[in-house]
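>>> okay, structure incoming, though there's no sequence with it:
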C-alpha cells in the first residue's frame, strides 16, 4: 500500500486465526452486549442517572471538603433494592436519605441504611438499601452528606507550592477512576449525566468548574455551576485559588495566577479560536460553548486534562511553545473525541485518545502544514517504539483492547499505545477509504450519531463499514495481516504506520546529524554544518531522544557534545534541557552534573523531576540524588515527594534508610514504564 509501510514481522510473530464460522463479509462481533466495567464496583446497569447536584464547602486550613450530593435516579429493573455507588476510603459518609413520591403522590423522605465494603486499593463500594416505595422508571432522589480527606482526586497545595506563593490552591483530577474520592458516583465512562454545583470558599478565592454555565451569587456567597450536557464522572473538575482571567478569543479565556497570566496570554492569544475554527470545519460544531484554559501549578500530576469547557494544563509547559501548541490542540480535539463521544470502558481508552490524536494531527496539518505534523508524529512514534523495546513484543498492555485484571488501576495502564497505536489504526481506516476529506465526513457523521453517548470499538467499526459500504463489500475488516480484530487484540507495535515522508525536510537533518555523532571517526566539519539554533523544538528533542536511546556514549563523544551544544541547550526550553540532562546522567558526564542540580532546584513538576531521579538512581549517581532531594524536597508536593522517596528507597534499601511518608493507598500506582520514556497527555 502506497500510504503505509507494513512491518516485516507481525507484532506477535504469528498469524492470528479468524474463526471460520463468520461470514467473510462480516466484521468480528465486539462488545455488542452492555459494557462491563470491572474498574467500577457500582450497579450502574440497574439505574438511569438523570442529574446530580453538589453543594461543597472548601476548607483550605484543614484541607477538607464538606459535601452534600443529590442524585436523581430511576430504577430500570424491577425488585432492585440496593444502589451501589463507587466511593473511596478517604471519603467519609455522614448520612444518606431518600426522597420518593408515594403511590398517593406525596413526597416521602426516608433515612437509609448503608455500608461501605472494600473493592480495590483505589476505591470502595457504597451499598445503599433502598425503600420499597421505589418503582421502576420512576424518579427518586438520594441525598448523601459526606466529607473528603486526603483522596487521590483532590490536590491541596500550600501557598508555597503555587507559582505566586500568595494563596493556597486546590484542584481535582478525576481521570481515570479518581473522582470516586471527590463524590460518590457511578465512576465509569459508560454513564453520563448533567450536573450542577454550588461551591463556598473563603473570600478572595476564585472557583472554576468544568461547566457550561457559571456565576457568583452574592446573596448565597457561593459560586454556582451547571453542566447542561451529559458527561461521565471523571470529567467533573474543580479548581480554586488565586486565579485571574484574560480573554483570548470570542469564546476562550485563560485563567492563571497573576504572575503567569501575561506569559500565557502572549503564547495563546488569537490562536485558540483559530484552532477551534479549523476543528469545526473538520468535525462539525464545537458543542460545549466555551473553551477556557486554566494553567495549574507544577504539582499538577499530568501535562493536560480535557475537562469540558475548561482544559487543565500544567504551567511548566508554557516555556515550550511547540509542546504547548500540540497539547492545547490535543485537548481541543477531545471536545469531539473523548468528551462528546466517550469510550464506554477503560479497556478501550484508544477510542478517546487514538481518535483525539488523529484529530489533533488533522488540525495541525490544516493550521501548520504536513511537514510539522509529520515531524511531531515521527517524534511520538519514535517514543512508541522505544517503549515497545522496553516492554517486549508480547506485553498485553500494548493491545488496543486491554483486558484488565480485577483490582488493576486503569490509570496505571495509560501508555503510548493508547495514543499512538490507536492513532495508527485510525490512520489506517482513513487510508482505506482513500480520501482524507471523505474520512473527515465520516468522523463528522460519527460524532453526530454518537454525541453524548459512550461507545465500544464495535460501534465505531460497524458505523465505519456502514458509512463506506464498498469497503464492507471488499471485506477490509478481514484483510489478511491487517484484520480489525488483529488491530484490537494483537500485542506489539502498530500493524501499519502512516507515510510520514512529507516531514522529510525536518526529519532528515535530524537523522543525518545523529548518524554523524554515532559514526567513527567523528566528522567535525560535517557536524559543524548543522546549526541546532535554527531547528524546531521537535527536531531538537528527536535528536536528543535518539542520543539518549543510544547511550552509553563514549567519553570523547560526550565531551564533544557538551562543547558543541551544552551552552546552546541551556538557553532552550525545559523539554530540550531535560533530555540533555538525562544524557548527562546516563553517561555519568560529571562536568555538566551541576546543571542537573540547578534544573531540579527550579523545576518541581512530576514530568521533569521523576525521570531525572530515575536516571540518577539507575546509574552511578545515587548519592547525588539523595543530596539534591534533601535540599529540594520542601518545594515538592507531598505526592511527588512520596514518589521520589520510593525511587530512593528502592535504590538504597540495602545501604541506608531514606525517610518516607506514611504509606498511602490513595494514589494510583506508578506505571511500569519510566516517565522518561513517555510524556503522556490525558
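Nice, I can see it. Keep in mind the model is a prediction, meaning the values are calculated, not measured. Residues are numbered from 1 along each chain as shown.
>>> how far away is the closest residue to residue 232 other than its chain neighbours from residue 447?
Distance criterion CB to CB, 6 or more residues apart in numbering; nearest residue to residue 232, sequence neighbours excluded, is residue 189 at 4.4 Å. Where you see a C-beta, it was placed from the backbone N, CA and C, and this is true even at glycine. Separation of residue 189 from residue 447 (CB to CB, to the nearest Å): 17 Å.
>>> more neighbours: which of these two?
A side-by-side neighbour count of residue 189 and residue 447, using other CB atoms under 10 Å, places residue 189 first with 31 against 21.
>>> so is the more buried one in a helix, a strand, or just coil?
coil (DSSP: H, G, I helix; E, B strand; the rest coil).
>>> just checking, it touches residue 230?
No: judged on CB atoms under 8 Å, residue 189 makes no contact with residue 230 at a distance of 11.6 Å.
>>> how much space between residue 253 and residue 244?
10 Å.
>>> who has more neighbours, these two?
Neighbour count, other CB under 10 Å: between residue 253 and residue 244, residue 253 has more, with 18 against 14.
>>> and residue 319, how many residues sit next to it?
17.
>>> from now on call the first residue 405
With the count now opening at 405, the last piece we talked about shows up as residue 723.
>>> for the residue nearest to it when sequence neighbours are not counted, give me its contacts.
The shortest distance from residue 723 to any non-neighbouring residue, by CB to CB, 6+ apart, is to residue 977 (4.6 Å). By CB atoms under 8 Å, 6 or more residues apart in numbering, the residues touching residue 977 are 723-725, 727, 941.
>>> again, only using 10 Å
For residue 977, the contacting residues are 720-728, 941, 944-945, by CB atoms under 10 Å, 6 or more residues apart in numbering.
>>> gap between it and residue 792?
Counting by CB to CB - residue 977 and residue 792 are separated by 27 Å.
>>> could you do residue 616 as well?
Applying CB to CB to residue 616 and residue 792 gives a distance of 41 Å.
>>> and those two? which has more neighbours close in?
Taking neighbours as other CB under 10 Å, residue 616 and residue 792 compare with residue 792 leading, 20 against 17.
>>> which parts of the helix or strand containing the more buried one are buried?
Counting by DSSP states H and E, the element that carries residue 792 is helix 774-795. Judged by neighbour count (16 or more other CB atoms under 10 Å), helix 774-795 contains these buried residues: 774-788, 790-792, 795.
>>> against which helices or strands is the helix or strand hosting residue 908 packed?
Taking DSSP H and E as the criterion, residue 908 maps to helix 908-921. Where contact means 3 or more CB pairs under 10 Å, 6 or more residues apart in numbering; DSSP states H and E, helix 908-921 is packed against helix 774-795, helix 928-932, helix 941-954, helix 959-974.
>>> of all those, which one is nearest residue 1054?
helix 774-795 (17.6 Å; CB to CB).
>>> follow-up on the earlier one: which parts of the helix holding residue 908 are buried?
The neighbour-count check on helix 908-921 (16+ other CB under 10 Å) flags 910-911, 913-914, 917-918, 920-921 as buried.
>>> just for this structure, where's the confidence low?
Scanning the chain with the threshold set as pLDDT under 70 gives 405-437, 1056-1086.
>>> give the residue farthest from the middle of it.
residue 508 (49.1 Å; CA atoms, centre = their mean).
>>> can you tell me how far that one is from residue 829?
For residue 508, the distance to residue 829 - CB to CB - is 57 Å.
>>> counting neighbours, what do you get for residue 725?
15.
>>> now do residue 863 against residue 869, distance only.
Taking CB to CB, one finds residue 863 at 11 Å from residue 869.
>>> from residue 973, how far off is the residue nearest to residue 995 when sequence neighbours are not counted?
In space, and not counting its chain neighbours, residue 995 is closest to residue 966: 6.6 Å by CB to CB, 6+ apart. The gap separating residue 966 from residue 973 is 9 Å, by CB to CB.
>>> anything in contact with each of these two?
Here residue 966 and residue 973 share the contacting residues 984, 987, 996, 999, scored by CB under 10 Å, 6+ apart.
>>> these: which two are farthest apart?
987 and 999 (11.2 Å).
>>> the two: who's more crowded?
Neighbour tally, residue 987 and residue 999, criterion other CB under 10 Å: the higher count belongs to residue 987, 24 against 17.
>>> if you count contacts, what does the helix or strand hosting that one end up packed against?
Assigned by DSSP H and E, residue 987 falls within helix 978-990. Judged by 3+ CB pairs under 10 Å, 6+ apart, helix 978-990 is in contact with helix 725-737, helix 941-954, helix 959-974, helix 997-1006, helix 1010-1022.
>>> save those helices as TSV, and put in distance to residue 926 too.
Shown next, in TSV, are those (distance: least, CB to CB, whole Å):
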stretch	distance to residue 926
helix 725-737	29
helix 941-954	13
helix 959-974	7
helix 997-1006	23
helix 1010-1022	25
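>>> what sits closest to residue 826 if chain neighbours are left out?
Per CB to CB, 6+ apart, closest to residue 826 is residue 758, 1.9 Å.
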